[in-house]
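> fold the following for me, if possible:
(chains A and B)
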Number of protein chains: 2
Amino acid sequence: MKELGRHFIFELFGCDPNALDDIRGIEEAMEKGALESGLTVLGRVFHHFSPQGVTGVLVVAESHISIHTWPELGYAALDVFTCGKNTDPMKVFSRIAGLFKPASNSVVEMKRGVLPTGEIGK
Amino acid sequence: MKELGRHFIFELFGCDPNALDDIRGIEEAMEKGALESGLTVLGRVFHHFSPQGVTGVLVVAESHISIHTWPELGYAALDVFTCGKNTDPMKVFSRIAGLFKPASNSVVEMKRGVLPTGEIGK
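Residues are numbered from 1 along each chain as shown, chains lettered A, B, ... in the order given. As a prediction, the model looks like this:
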């Protein structure tokens, strides 16, 4: 099975509430993780909600990274969607997990753009 | 099972290549779909690749909408992640499908942030 993109869907539970509300720390961790993963940042949107919570998206040449946090519940949703062959999306997760210190987490990898054999790489 | 967010993951195959490369048309369709879905747009990043292909993200108060297109393969990946109760993410899909005219498509709905009963709504 050959795919155009790999989409990693992370769930992080029992995180540090202060870290989940730290918009600057989150943007820095996402950017460092993106660079370490071999991704090229094209644009970004970060937003801090009142009274709490952060949403952030990095658009990268290889697709996107998004995060949404609920500090009051210790939860964060992280997505890393990449279409590059020489990228390592887990480095984004490592940076974010290092910041949030989740008590538990899960990941699902979805293959995106699975086309009939022979279509990809034309 | 109670969740914080609903994440709809669409795969669109056999799309109109010209529509997949039309960055303005895509941004307009995403924005109209977001408004019709009851979402509030906070920010956006749209990028046209050379020689072809579009990446676009709308950050909304209720999470995000992202799209990545491969005109040369007739394929698009659309994600609609919402945490609002009174939102209808399928309206984003309707707008995009109306533009791209896919020959076939699929959707997976993932529940994001499934916390122990009683945690949500505190």
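
> roughly how far is whichever helix in chain A runs longest from the heart of the chain?
Ranked by residue count under DSSP state H, the longest helix found in chain A is helix A:23-36. Helix A:23-36 sits 10 Å away from the centroid of its parent chain (Cα atoms, centre = their mean, to the nearest Å).

> so what touches stretch A:35-48?
If you take Cβ atoms under 8 Å, 6 or more residues apart in numbering or on different chains as the criterion, stretch A:35-48 is touched by A:21, A:23, A:26-27, A:31, A:34, A:54-62, A:65, A:80, A:82, A:84, A:86-92, A:95, B:42-45, B:47, B:55, B:57, B:59. In short, each C-beta sits where N, CA and C put it, glycine included.

> and chain A, which residues reach chain B?
A:4-5, A:7, A:9, A:11, A:13, A:42-45, A:47, A:49, A:55, A:57, A:59, A:61, A:63-64, A:66, A:68, A:70, A:72-73, A:75, A:77, A:79, A:81, A:83, A:108, A:110, A:112-115, A:119-120, A:122 (Cβ under 8 Å from any Cβ of the partner chain).

> just to revisit the earlier point, list the buried residues in the longest helix of chain A.
Residues of helix A:23-36 classed as buried: A:23, A:26, A:27, A:29, A:30, A:31, A:32, A:33, A:34 (neighbour count, 16 or more other Cβ atoms under 10 Å in any protein chain shown).

> find the nearest non-adjacent residue to the third one, please.
Same thing as residue A:27. Sequence neighbours aside, residue A:46 is the residue nearest to residue A:27 in space, at 5.2 Å (criterion: Cβ to Cβ, 6 or more residues apart in numbering or on different chains).

> how near is the one you found to residue A:68?
Separation of residue A:46 from residue A:68 (Cβ to Cβ, to the nearest Å) stands at 11 Å.

> anything in contact with each of the two?
Between them, residue A:46 and residue A:68 share the contacting residues A:54, A:55, judged by Cβ under 8 Å, 6+ apart.

> please enumerate the strands of chain A.
A:3-13, A:41-48, A:54-60, A:63-70, A:75-82, A:104-114 (DSSP state E).
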